[in-house]
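A.B. asks: this one's structure only:
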């Protein structure tokens, strides 16, 4: 069983940048889809970005051009570079793994989740 641990969240002013990391332990992630979701207070979990084992990517329209998802399979680590942050990006960010290796926007398609890291963007 894999364990996912996010880090890198924090408080940043609008227009700033943060880089989130997700470290996996327990087994290799190199053959699976990895994704980032986020959840703001009072809202459902929202798809942010996903990356396949062969580095195909998909982004939510709201973050396209500002966020970049990447992975280092050798180090079993997933990243999310977030630039030009906006107050509406404020949320808890979660990394996740899909064992079926299909890029999917639905949270229910993902099998493993981290505990989340808080990102707060002030105006």
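C.D. replies: Happy to help now that I have it. Please read all numbers here as calculations on a predicted model, not as lab measurements. Residues are numbered from 1 along each chain as shown.

A.B. asks: show me where pLDDT drops low in this protein?
C.D. replies: When residues are selected by pLDDT under 70, none of them lie in the chain.

A.B. asks: report the central residue of it.
C.D. replies: Geometric centre of the chain, nearest residue: residue 36, 2.2 Å, by Cα atoms, centre = their mean.

A.B. asks: that one belongs to a strand?
C.D. replies: Yes: with DSSP: H, G, I helix; E, B strand; the rest coil as the criterion, residue 36 is part of a strand.

A.B. asks: separation between the closest residue to residue 62 other than its chain neighbours and residue 120?
C.D. replies: Nearest in space to residue 62, with sequence neighbours left out and distances taken as Cβ to Cβ, 6 or more residues apart in numbering, is residue 88 at 7.7 Å. All C-beta spots, glycine's among them, are computed from the backbone N, C-alpha and C. To residue 120, residue 88 is 12 Å away according to Cβ to Cβ, to the nearest Å.

A.B. asks: which one's more surrounded, the two?
C.D. replies: Set residue 88 next to residue 120 and count neighbours by other Cβ atoms under 10 Å: residue 120 wins out with 15 against 11.

A.B. asks: mind listing what the more buried one touches?
C.D. replies: Going by Cβ atoms under 8 Å, 6 or more residues apart in numbering, residue 120 touches 10, 11, 12, 90.

A.B. asks: okay, and the beta partners of it?
C.D. replies: According to DSSP bridges, the partner residues bridging residue 120 are residue 11.

A.B. asks: if I look at it, how far off is residue 19?
C.D. replies: As defined by Cβ to Cβ, residue 120 lies at a distance of 15 Å from residue 19.

A.B. asks: now do residue 35
C.D. replies: 17 Å.

A.B. asks: neighbour count for those two, which is higher?
C.D. replies: Neighbour count, other Cβ under 10 Å: between residue 35 and residue 19, residue 35 has more, with 28 against 14.

A.B. asks: the more buried one touches residue 45, doesn't it?
C.D. replies: No: assessed by Cβ atoms under 8 Å, residue 35 is found out of contact with residue 45, at 10.8 Å.

A.B. asks: name the SS class of residue 115, please.
C.D. replies: Here residue 115 takes the coil state, with states given by three-state DSSP.
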